[in-house]
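Chemist: structure for the following, please:
(one chain, ligands or ions: 2)
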Amino acid sequence: SVKERPMVVRCYTRTMIRMTQPRVVIAEGAVHLPSWMPVEAQQKALHEIRALADGEAGFYTPILRNGARMRVRMLCCGRHWDAKTYRYDLLRTDVDGLPAPPIPEVLRQLACEAAESAGFSLEPDVLLVNWYGAEGRMGLHQDKDERPEIIASGVPIVSLSIGDAAIFEFGGARRKDPVQRIRLESGDAFVFGGSSRLNHHGIASIVAGTGPTEFGVAGRYNLTFRQY
Ligand code: SIN
Ligand code: MN
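Modeler: Ligands and ions are numbered 1, 2, ... in the order given. Next comes the predicted model:
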């Protein structure tokens with residue numbers, strides 16, 4: 001239709017490849033975009049992640065309020081997610097008191113484009129970089145620590161994966177709802193908003209040694225972008 005035309009033209013001139021790429025609707029508002037990031041984009045993102053890791057406020061292992069160590073290393077940008085309070089803070093109060101570094105522009109841009117590819121729009125102000133080893137995992141949870149009005153509006157969570165594949169579980173709004181298992185590979189995007197925004201999700205396991213060897217990544221990086 002006439003209404004759709006400008007959108008198509010804009011996508012075409014920007015990234016022609018992405019138009020032909022698959023888009024798997026997992027639930028209403030939840031979209032898996034396999035191989036969404038071209039290899040060069042993944043390498044650019046890796047460069048940014050390594051710079052963050054080498055910065056003053058690098059990766060740490062979050063310790064939850066019940067005393068349990070998470071089975072993932074984390075690094076937050078924009079705002080810090082405090083594992084003790086489950087709140088966002090400008091400082092890493094539960095870690096080392098340092099300010100959370102800003103979201104690198106290259107990564108912010110990727111998140112906006114991924115949201116758009118899934119039919120959403122996002123102005124991310126929080127990025128959680130999760131770094132999983134071979135034994136890494138993340139229990140089923142909801143992303144519900146953002147501002148209530150943002151959650152209610154259905155603004156999506158954008159997740160990008162680089163390195164080893166992971167078995168991602170995606171359930172429903174209730175904890176006991178059935179889960180779908182989706183293998184997220186290096187370069188995949190997964191976007192969930194709208195009526196899926198509060199769906200439970202987690203990482204059941206990492207499929208060690210499955211990432212692109214030329215990246216030299218140990219394990220899996222997941223970039224989770226949110227609007228606070
Ligand atoms: C998360 O839910 O914060 C991370 C999910 C993932 O690692 O894919
Ligand atoms: Mn999450």
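
Chemist: name the nearest residue to residue 132, sequence neighbours excluded.
Modeler: Leaving aside its sequence neighbours, residue 132 sits nearest to residue 220 (C-beta to C-beta, 6 or more residues apart in numbering; 4.5 Å). For glycine as for every other residue, the C-beta is placed from the backbone atoms N, C-alpha and C.

Chemist: same question for residue 95.
Modeler: Computed as C-beta to C-beta, 6+ apart, the closest residue to residue 95 that is not its neighbour in sequence is residue 60, at 4.9 Å.

Chemist: phi, psi of the one you found?
Modeler: Residue 60 has phi and psi values of phi -150, psi 170 when expressed as degrees, to the nearest 10.

Chemist: give me the number of residues near it?
Modeler: A count of nearby residues for residue 60, using other C-beta atoms under 10 Å, gives 16.

Chemist: same deal with the one 10 residues further on?
Modeler: When neighbours are counted by other C-beta under 10 Å, residue 70 registers 17.

Chemist: returning to what we had before: quick check: the residue nearest to residue 132 touching residue 164?
Modeler: Yes: counting by C-beta atoms under 8 Å, residue 220 touches residue 164, with 4.3 Å between them.

Chemist: list residues touching both of the two?
Modeler: 132, 186, 206, 211 (C-beta atoms under 8 Å, 6 or more residues apart in numbering).

Chemist: go through the residues you listed and name the one nearest ligand 1.
Modeler: Comparing the shared contacts of residue 220 and residue 164 against ligand 1 with C-beta to the nearest ligand atom picks out residue 132 as the nearest, at 6.8 Å.

Chemist: got phi/psi on the closest one?
Modeler: Note on residue 132: backbone dihedrals following degrees, to the nearest 10 are phi -100, psi 130.

Chemist: then residue 47?
Modeler: phi -60, psi -40.

Chemist: all strands for this protein, in order.
Modeler: Taking DSSP state E as the criterion, the chain contains strands spanning 24-27, 30-33, 73-77, 80-82, 87-89, 126-132, 138-141, 157-163, 165-170, 180-184, 189-192, 201-207, 220-226.

Chemist: mind checking which of the shared contacts of residue 220 and residue 164 are buried?
Modeler: Neighbour counting by 16 or more other C-beta atoms under 10 Å classes 132, 186, 206, 211 among the shared contacts of residue 220 and residue 164 as buried.

Chemist: and the nearest residue to residue 143 once chain neighbours are set aside, how many neighbours?
Modeler: Spatial nearest neighbour of residue 143, excluding adjacent residues (C-beta to C-beta, 6+ apart): residue 157 at 5.3 Å. Using other C-beta under 10 Å, residue 157 has 28 neighbouring residues.

Chemist: which residues does residue 157 contact?
Modeler: By C-beta under 8 Å, 6+ apart, residue 157 lies in contact with 143, 191-193, 197, 224-226.

Chemist: returning to that earlier point: now that we have the shared contacts of residue 220 and residue 164, can you turn them into JSON lines and tack on distance to residue 25?
Modeler: Below are these laid out as JSON lines (distance: C-beta to C-beta, whole Å):
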{"residue": "132", "distance to residue 25": "26"}
{"residue": "186", "distance to residue 25": "22"}
{"residue": "206", "distance to residue 25": "25"}
{"residue": "211", "distance to residue 25": "26"}
